[in-house]
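Asker: What shape does this take:
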Amino acid sequence: MSIDDAAPAPLKVALVEDDAAFQNAFRTALTTAPDLLMVGVAATAAEARGMLCAPPADVLVVDLGLPDGSGIEIIGEAHARWPTCAIMVATTFADERHVIASIEAGASGYLLKDSRLETIAEDIRTLHAGGSPISPRIARQVLMRFRPDERSAATPESDAATGVPSLSDREKETLQLITRGFSFEEIAELMNVSRNTVLTFVRRIYAKLEVRSKTEAVFEARAHGLL
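Answerer: Alright, predicted model coming up:
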């Protein structure tokens, strides 16, 4: 057999999931797929960050509800550290906030855990090939988000009346730089202030938007039309 006839290397798949039963079911679903190879499993955000220090997988599947952090943050970090890796969510969270934040962080697929794991191997292949496997309920939700309705005609006055957070000019500038991916140290240098001052702006932004991370802050700011 020539080199050209050799079978291609299997796709390397990594999983971030704290539920042991789902881990086992996921492994079992992949055992019948010779073109897929499990190369890592992390049960916590800390373990996931350790895994991201290793050579990249081809596909990363992430649960959002981790015991020590948000899977959305792991998606963002994986997107930065493993730029060639295709990322997909597998979770119980079906609300718009988690869906949009995951996509903005770098996920290209979003499956609910009530989906049949029998199709997960094909979903992984589709994702790696450039597709976007999405549970039907999530797909409808995303489409509804962009459907014109009476909210699109809201005026600035009516937005203010509904409680859109008010950010200062410096807080808006900080948020814009966060959105562009700058670190707190880089933001401090660009704004010609100390890092502690930047952290003060960030704390105020988080408090006003009622969030706990950069990813959530960007999502909420865009949802309120602040970006």
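
Asker: what's in contact with stretch 94-110?
Answerer: For stretch 94-110, contacts defined as C-beta atoms under 8 Å, 6 or more residues apart in numbering pick out 62, 64, 71-73, 75-76, 78-79, 86-89, 91, 93, 112, 123, 126-127, 131-135, 137-138, 141-142, 145, 215-216, 218-219, 222-223. For glycine as for every other residue, the C-beta is placed from the backbone atoms N, C-alpha and C.

Asker: Can you mark which positions in it are buried?
Answerer: For stretch 94-110, the neighbour count (16 or more other C-beta atoms under 10 Å) marks 98-110 as buried.

Asker: Nearest residue to the middle of this protein?
Answerer: Geometric centre of the chain, nearest residue: S102, 3.0 Å, by C-alpha atoms, centre = their mean.

Asker: For whichever strand or helix holds it, what is the distance to the chain centroid?
Answerer: Per DSSP states H and E, S102 falls inside helix 96-105. In terms of C-alpha atoms, centre = their mean, to the nearest Å, the gap separating the centre of helix 96-105 from the centre of its chain is 6 Å.

Asker: Quick check: the closest residue to L190 other than its chain neighbours vs A188, distance?
Answerer: Distance criterion C-beta to C-beta, 6 or more residues apart in numbering; nearest residue to L190, sequence neighbours excluded, is L177 at 6.3 Å. Distance, L177 to A188, by C-beta to C-beta, to the nearest Å: 10 Å.

Asker: One more: V142?
Answerer: V142 sits 36 Å away from A188, taking C-beta to C-beta as the criterion.

Asker: For H224, which phi and psi angles does the backbone take?
Answerer: Main-chain dihedrals, H224, degrees, to the nearest 10: phi -90, psi 0.

Asker: Surely it touches L167?
Answerer: No - with contacts counted by C-beta atoms under 8 Å, H224 stays clear of L167, the gap being 9.5 Å.

Asker: These two: who's more crowded?
Answerer: Using other C-beta atoms under 10 Å as the criterion, H224 and L167 rank with L167 on top: 19 against 16.

Asker: can you tell me the distance between the two ends of stretch 112-127?
Answerer: From its first residue to its last, stretch 112-127 covers 15 Å (C-alpha to C-alpha, to the nearest Å).

Asker: I misspoke; the intended subject was stretch 46-55.
Answerer: Using C-alpha to C-alpha, the span of stretch 46-55 from its first residue to its last is 17 Å.

Asker: neighbouring contacts of that stretch?
Answerer: Under the contact criterion C-beta under 8 Å, 6+ apart, stretch 46-55 has outside partners 14, 16, 40, 42, 62, 66, 68-69, 74, 77-78, 81-82.

Asker: Lowest-confidence member of these, which is it?
Answerer: In terms of pLDDT, the lowest of these is G69, showing 90.

Asker: what separates stretch 101-111 from the chain centre, distance-wise?
Answerer: 5 Å.

Asker: And stretch 136-143, by the same measure?
Answerer: The answer for stretch 136-143 is 17 Å, by C-alpha atoms, centre = their mean.

Asker: Just the buried positions in whichever helix in the chain runs longest, please.
Answerer: As assigned by DSSP state H, the longest helix anywhere in the chain is helix 195-209. For helix 195-209, the neighbour count (16+ other C-beta under 10 Å) marks 198, 201-202, 205-206, 208-209 as buried.

Asker: just to revisit the earlier point, now render the buried residues of stretch 94-110 as CSV, adding distance to E47.
Answerer: Shown next, in CSV, are the buried residues of stretch 94-110 (distance: C-beta to C-beta, whole Å):
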residue, distance to E47
H98, 21
V99, 25
I100, 26
A101, 22
S102, 19
I103, 24
E104, 24
A105, 19
G106, 19
A107, 19
S108, 23
G109, 22
Y110, 22
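
Asker: Good, wrapping up.
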